[in-house]
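1. Got a sequence here, can you model it:
(one chain, ligands or ions: 1)
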Amino acid sequence: MTTSYGHLTWEEVRDADKDRVVILNVSATEDHGPHMPLDTDTVLGMAVAEGVARAAPDEVLVMPPVPYGFNEHHKDFPGVIWIQPETLIAFVTDITRSLAHHGFRRILLLNSHGSNHPCLDLAARKTVIETGIICVSASYWNLMSERINALRKSAIGGIAHAGEFEAAMYMSLHPERVHVGKSEAQNLHDPKSRFFNLDLAGGGGGAMLMRWWSEISPDGTMGDPTVADAGTGEKFLATAIEETTALIREIRALPILPRHDHH
Ligand SMILES: [Zn+2]
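-> Model prediction:
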């Protein structure tokens with residue numbers, strides 16, 4: 001059977017193994033510096049999802065992606081399409097409710113755009129409360145922080161947005177669309193700060209301030225794309241697929257537990 005949800009017929013959905021984990025990638029359409037296209041988060045998120053489908057073809061189904069996200073703070077850069085967080089949560093929850101209605105019991109909201117993280121966390125929690133099925137959210141870089149740090153060339157601060165991580169992976173897939181020669185290193189991390197850290201593998205800082213993107217980055221980049229290379233990108237991507245596949249297998253093994261209403 002195909003792993004692509006959109007290629008199924010309704011009869012195949014009716015007869016499908018409902019313990020397959022349905023993967024929904026949610027991304028964004030936004031500036032990624034002068035060196036990368038607007039579709040970066042969708043291309044990378046779907047490369048991870050489709051890689052998982054190749055690694056575990058009997059265990060997952062991959063939904064068509066949601067290529068828009070919560071990113072109004074990017075709108076000073078031409079091309080950005082932004083969705084209000086309430087709309088995004090409602091939209092994603094309508095998709096998960098539909099899947100639950102058709103009998104699917106296990107969903108992974110696979111995030112590939114940083115600011116979607118809290119929205120998808122809430123959408124997953126709402127799905128559990130409203131439908132009783134298992135719905136998990138994860139930003140794929142959070143599944144592999146230590147392994148990113150073992151592979152990276154850039155210092156902390158070099159992997160935030162359109163930096164080494166995303167540029168290297170996109171180069172490994174479509175080198176003709178990535179032009180790191182047009183980019184500059186923009187490491188905005190303050191090593192003296194105890195609480196603020198936007199590096200995707202930097203362990204977080206404990207506190208979050210998301211400013212207008214144009215206040216903090218002159219060209220949309222945050223990080224160091226200049227050290228990106230396709231070989232490392234291939235390793236980042238293979239690692240993302242491996243760790244997401246491991247997560248899928250844990251999700252498949254989770255028990256469906258009964259509720260106990262103690263009124
Ligand atoms: Zn991105």
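
2. which non-adjacent residue is nearest the residue of the stretch 151-263 of the chain found nearest the ion?
-> The nearest approach of the stretch 151-263 of the chain to the ion comes at Glu166, 5.1 Å away (C-beta to the ion). Yep, even glycine has a C-beta here, placed from its N, CA and C like the rest. For Glu166, ignoring the flanking residues on the chain, the nearest one in space by C-beta to C-beta, 6 or more residues apart in numbering is Thr40 at 5.7 Å.

3. Quick check, the residue of the stretch 151-263 of the chain closest to the ion in contact with Pro37.
-> No: using C-beta atoms under 8 Å, Glu166 makes no contact with Pro37, being 10.8 Å away.

4. quick one: is the helix or strand Cys119 falls within near the ion?
-> Following DSSP states H and E, one finds Cys119 within helix 117-131. No: using C-beta under 5 Å from the ion, helix 117-131 never reaches the ion; the gap is at least 12.2 Å.

5. Check which residues of that helix are buried.
-> Residues of helix 117-131 classed as buried by neighbour count (16 or more other C-beta atoms under 10 Å): 117, 119-124, 126-127, 131.

6. Identify the residue of the stretch 1-150 of the chain closest to the ion, quick one.
-> Closest residue of the stretch 1-150 of the chain to the ion, C-beta to the ion: Asp41 (4.2 Å).

7. Identify the residues contacting that residue.
-> Applying C-beta atoms under 8 Å, 6 or more residues apart in numbering, we find Asp41 in contact with 27-30, 32, 69, 112-113, 166.

8. Which residues are in contact with Met171?
-> 178, 180, 228-230, 233.

9. When Glu166 and Pro37 are compared, which one has more neighbours?
-> A direct count of neighbours by other C-beta atoms under 10 Å for Glu166 and Pro37 places Glu166 higher, at 29 against 16.

10. which element is the more buried one on?
-> According to DSSP H and E, Glu166 maps onto helix 164-173.

11. I'd like the next helix or strand past that helix.
-> The helix or strand immediately downstream of helix 164-173 is helix 213-216, counting by DSSP H and E.

12. helices or strands up against whatever helix or strand comes next after that next one?
-> Next along the chain after helix 213-216, taking DSSP H and E as the criterion, comes strand 222-223. Using 3 or more C-beta pairs under 8 Å, 6 or more residues apart in numbering; DSSP states H and E as the contact test, the elements touching strand 222-223 are strand 159-161.

13. List the contacts of the strand it packs on.
-> 32, 114, 141, 148, 152, 165, 188-189, 198-202, 217, 220-224.

14. Report the buried members of those residues.
-> Of these, these count as buried by 16+ other C-beta under 10 Å: 32, 114, 141, 148, 152, 165, 189, 198-202, 217, 220-224.

15. Mind putting the buried residues of helix 117-131 into CSV with distance to Met1 and pLDDT?
-> Shown next, in CSV, are those (distance: C-beta to C-beta, whole Å; pLDDT from 0 to 100):
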residue, distance to Met1, pLDDT
His117, 32, 97
Cys119, 31, 98
Leu120, 27, 98
Asp121, 31, 98
Leu122, 32, 98
Ala123, 27, 98
Ala124, 26, 98
Lys126, 30, 98
Thr127, 24, 98
Thr131, 24, 98
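
16. residues in contact with the nearest residue in space to Ile148 that is not next to it in sequence?
-> In space, and not counting its chain neighbours, Ile148 is closest to Ala201: 3.9 Å by C-beta to C-beta, 6+ apart. By C-beta under 8 Å, 6+ apart, Ala201 lies in contact with 141, 144-146, 148-149, 152, 156, 159, 165.

17. Which pair of those residues spans the longest distance?
-> Farthest pair in those (C-beta to C-beta) is Met144 and Ile156. Separation: 15.6 Å.

18. Neighbour count for those two, which is higher?
-> Applying other C-beta under 10 Å to Met144 and Ile156 shows that Met144 carries more neighbours, namely 21 against 17.

19. Need the phi and psi values for that one.
-> Here is the backbone geometry of Met144 (degrees, to the nearest 10): phi -140, psi 30.

20. was I right about it contacting Ala240?
-> Yes: counting by C-beta under 8 Å, Ala240 is a contact partner of Met144 at 6.0 Å.

21. Residue numbers of the stretch 1-150 of the chain in contact with the ion?
-> By C-beta under 5 Å from the ion, the residues of the stretch 1-150 of the chain that approach the ion are 40-41.
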